[in-house]
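J.: Okay, sequence plus prediction incoming.
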Amino acid sequence: MYLTDDDKRMRDGAEGDAAAAAMDLLIRYGYALDAERLCSIRNVAGTMTQPSPVKARLVAEGGWDKAFAVINLDSDRDLTIPPMRVPTCQLQHGFGPDSVDIVPYPRANVDLQSDGEAFYGRHGVQILATCTPYQVGNLPMRGEHCAWMESSAVIYANSVLGARTNCEGIASTGAASLTGRIPCWGNHLDENRYGTHLISVSGVLVEGFQDWGMLGYFAGSVSGEDRPVLAGSLSRPDLTELKHFGAAAATSGGVELYHIPGITPEAVSVEAAFSGPVPDAVGYGPAERRAVYETLNEIGSSSDVDFVLLGCPHASLDQIRQTAALLDGRRVSASCELWIMAPRALAVMAERSGYTAVIERAGGRVLADSCPAMSRAAPAGTKVFATDSAKQAHYLPAILGIEAWFGTLKECVSAAVTGRWNGGLH
Ligand code: F3S
């Protein structure tokens, strides 16, 4: 693998032991991937503050320097961690202190995380605390090489923004933050950004949050880890719909990049989305749409809903506004709880805009930083939950052993108010 003089300097310790350990990790990672070189990056989205029993032990033994060395650099050396070399943000992590009386989540985790935020803040990490950094100011440019984790964020960065990142891990993002380098392979290379599957929509109009999520779920199941190209009967999606589409495609499959000709930036036409002949299309129509809906609802049997979860990926300000509008003047059932997950920065704006007051008056909650899947925490005694997110409907039943209903925002709010599921495909 070709190394620049700067790469070699870091490897040889010119910028300290921690940067040398980081470069050593990246070189080994690059060789394993058969990368020809490392890309220069100035945008890392990783995770450092997320609490865990292992992290608690390492911090107790040797402080946060040791925790970063072991977990984020895969090194057992005694390292002092310097400030991050390039802009780095913390993605979603555990729940914070303001959730303590709402979410059954260990106080020890909250305290460990607060301590970690202070350490990493001093080291230059931006504590965005969301799976949607692109909603709160981290918007890489088209063609910009990045090192991001979190599948729903990676697919958004690649497809909607035209930035270039693979789905990185805790150690590779840790090493990237201290060096400004990441192996140049996969989605960083032009030849790996063309479409592989054509999905043609007909007989239904894909329109609205629920339908974009269901199409994403279908696209992921068809494409696996490859790159779908969407064409046909599609409305023009907005940020929230593409956020849902991508998260769903990265859930049922491992999609990290897709194209919607005329909408996403790297494909002006179906032909331009492929490097060679356009493949035969896989159809998506009423039967496929119904099959996806039934898959996402196959875990639901009891109509008694005790938990409604919104905001996966973390809600936009407008999703919070819509939720407030639907809850205005109503009351969440005594047998149910409603949580909407949001980036902390947007939760502040929701409060200022008066949306949070409406939601809280109805008995719901706007929560930041985390989500039930990430923190393995839901209201005590939850047996059946409802959500408008294909990703949560897919994962949460397995994580928490509960039943799931998947529907529209309106159906979810109605379930919260009545305590009963009454959804259906329209
Ligand atoms: Fe975000 Fe949790 Fe969904 S981290 S993408 S809200 S599973």
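T.: Arrived safely, thanks for sending. What you see is a predicted model, and the numbers here were worked out from it, not measured in a lab.

J.: do you know how far T418 is from the ligand?
T.: 25 Å (C-beta to the nearest ligand atom, to the nearest Å). (Glycine included, C-beta is placed from N, CA and C.)

J.: correct me, but that residue touches V332?
T.: No. With contacts counted by C-beta atoms under 8 Å, T418 stays clear of V332, the gap being 9.7 Å.

J.: between these two, which one's more packed in?
T.: V332 (21 against 16; other C-beta atoms under 10 Å).

J.: Backbone dihedrals for the closest residue to that one other than its chain neighbours, please?
T.: Excluding the flanking residues, the one nearest V332 by C-beta to C-beta, 6 or more residues apart in numbering is G363, at 3.6 Å. When read as degrees, to the nearest 10, the backbone of G363 gives phi 100, psi 0.

J.: What score does G300 have for pLDDT?
T.: pLDDT recorded at G300 is 84.

J.: Check H244 too.
T.: 98.

J.: Could you export the helix or strand where it lies as CSV, CA atoms only?
T.: Per DSSP states H and E, H244 falls inside helix 239-252. Once non-C-alpha atoms are left out, helix 239-252 reads as follows in CSV (Å, rounded to 0.1, in the frame of the first residue of the first chain):
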residue,chain,number,x,y,z
LEU,A,239,-35.2,14.7,3.8
THR,A,240,-37.4,12.7,6.2
GLU,A,241,-38.5,10.3,3.4
LEU,A,242,-34.9,9.7,2.2
LYS,A,243,-33.8,9.3,5.9
HIS,A,244,-36.4,6.5,6.3
PHE,A,245,-35.7,5.0,2.9
GLY,A,246,-32.0,4.7,3.5
ALA,A,247,-32.3,3.4,7.1
ALA,A,248,-34.8,0.7,5.9
ALA,A,249,-32.5,-0.3,3.0
ALA,A,250,-29.6,-0.6,5.4
THR,A,251,-31.7,-2.8,7.7
SER,A,252,-33.1,-5.4,5.4
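
J.: who touches it?
T.: 132, 135, 151-152, 154-156, 159-160, 208-209, 212-221, 223, 228, 237, 255-256, 258, 312-313, 316, 318-319, 389-391, 394-395 (C-beta atoms under 8 Å, 6 or more residues apart in numbering).

J.: List the buried residues in it.
T.: Within helix 239-252, the residues that count as buried by 16 or more other C-beta atoms under 10 Å are 240-252.

J.: With distance to the ligand as extra columns, can I get those residues in a markdown table?
T.: A markdown table is the format used below for the buried residues of helix 239-252 (distance: C-beta to the nearest ligand atom, whole Å):
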| residue | distance to the ligand |
| --- | --- |
| T240 | 13 |
| E241 | 15 |
| L242 | 13 |
| K243 | 9 |
| H244 | 10 |
| F245 | 13 |
| G246 | 10 |
| A247 | 5 |
| A248 | 10 |
| A249 | 12 |
| A250 | 9 |
| T251 | 9 |
| S252 | 14 |
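
J.: Check the residues you listed and tell me the two furthest apart.
T.: Greatest spacing in the buried residues of helix 239-252, by C-beta to C-beta: T240 and S252 (19.1 Å).

J.: G253 against R227, yeah?
T.: No. Here G253 does not reach R227: they are 10.4 Å apart, not a contact under C-beta under 8 Å.

J.: Residues that sit against both of these two, list them.
T.: By C-beta under 8 Å, 6+ apart, G253 and R227 have no common neighbours.

J.: Please report how far S370 lies from the ligand.
T.: In terms of C-beta to the nearest ligand atom, S370 sits 7 Å off from the ligand.

J.: State the pLDDT value of that residue.
T.: 98.

J.: got a list of what it touches?
T.: Q92, H93, G94, F95, G96, S99, A129, M341, A377.

J.: Quick check: the gap between it and N72.
T.: As defined by C-beta to C-beta, to the nearest Å, S370 lies at a distance of 19 Å from N72.

J.: One more: Y31?
T.: Distance from Y31 to N72, by C-beta to C-beta: 20 Å.

J.: To what extent is E351 buried, counted in neighbours?
T.: 15.

J.: Any residues of the stretch 101-250 of the chain in contact with the ligand? List them.
T.: C131, S152, A247 (C-beta under 6 Å from any ligand atom).

J.: Can I get those in TSV including distance to T49 and pLDDT?
T.: Listed next are these as TSV, based on distance: C-beta to C-beta, whole Å; pLDDT from 0 to 100:
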residue	distance to T49	pLDDT
C131	14	98
S152	19	98
A247	22	98
